[in-house]
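J.: below are the sequence and a predicted model for it; my questions follow.
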Amino acid sequence: MHMQRYVGVVGPGEATPEQRGIARQVGGLLAGRRATVVTGGLGGVMAAASRGAIEAGGTTLGLLPGDDRSEGNPYLTVVIPTGLGEMRNALLVRSCDAIVAVGGSWGTMSEIALAVRTGVPVVAIGGWRMPAGGVLDVESPAEAVECLHALLWRKEP
């Protein structure tokens, strides 16, 4: 039996073209594994990952910081306006089986820290380097999804 997996893709809302390209690839690869891609629902890395997942026929979930559903990016299947501001980062981390961090920003740092603290696996492509461990640093979207496959999908009975 295939268990549905939820994988958060986090990164800067003001992402570089390279970060957006990586996030889009990650979203597509995750959708190919039938994972639901969970993001903060806005622009940058969040929109790119959602776009990649949608283009690959996947499902996306956006947890917005505000109260207005229309603020979500156009690539969201499900939009949840949390009204929590940046506190929605904790909701995102706790609702996911794993996190892929693309690039780095202060919001991304908070999501990585929350994930490591609560035992949610984190795979990072670029961005923050964590000296204390707890984060797998990889070089490519394919390597990130392969790491997640080893961590999540191989656990299934």
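T.: Perfect, thanks for sending it. These numbers come from a predicted model, not from an experiment.
J.: what's the weakest-modelled helix or strand in the protein?
T.: strand 135-138 (a mean of 83; mean pLDDT, DSSP states H and E).
J.: quick check: next helix or strand after it?
T.: Once the chain leaves strand 135-138, the next helix or strand it forms, by DSSP states H and E, is helix 141-151.
J.: who's in contact with Arg69?
T.: For Arg69, the contact set (CB atoms under 8 Å, 6 or more residues apart in numbering) comprises 79, 81. For the C-beta atoms, the positions are set from N, CA and C on the backbone; glycine is no exception.
J.: just to revisit the earlier point, then the least confident helix or strand of the chain to PDB, C-alphas only?
T.: The C-alpha coordinates for strand 135-138 follow below in PDB (Å, rounded to 0.1, in the frame of the first residue of the first chain):
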ATOM      1  CA  VAL A 135      20.600  18.600   7.500                       C
ATOM      2  CA  LEU A 136      21.600  16.700   4.400                       C
ATOM      3  CA  ASP A 137      23.400  19.000   2.000                       C
ATOM      4  CA  VAL A 138      23.000  17.900  -1.600                       C
END
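J.: can you offset everything so residue one is 42?
T.: OK, 42 is where the count begins now, so the last one is strand 176-179.
J.: contacts for that strand?
T.: Contacts of strand 176-179 (CB under 8 Å, 6+ apart): 142, 153, 157, 162-166, 169-170, 185, 188.
J.: likewise for stretch 90-97?
T.: 50, 52, 64-73, 78, 80, 82, 100-101, 103, 114, 116-118, 141, 143.
J.: among those, which are located in helices?
T.: Mapping these onto helices (DSSP state H) picks out 64-73.
J.: can you say which of the residues you listed are buried?
T.: For those, a burial check counting by 16 or more other CB atoms under 10 Å picks out 64-72.
J.: farthest-apart pair in these, please.
T.: Ala64 and Ala72 (12.6 Å; CB to CB).
J.: element containing Gly62?
T.: helix 58-73.
J.: what angle sits between that helix and helix 182-192?
T.: Counting by axes from the mean of the first three to the mean of the last three CA atoms, to 10 degrees, helix 58-73 lies at 40 degrees to helix 182-192.
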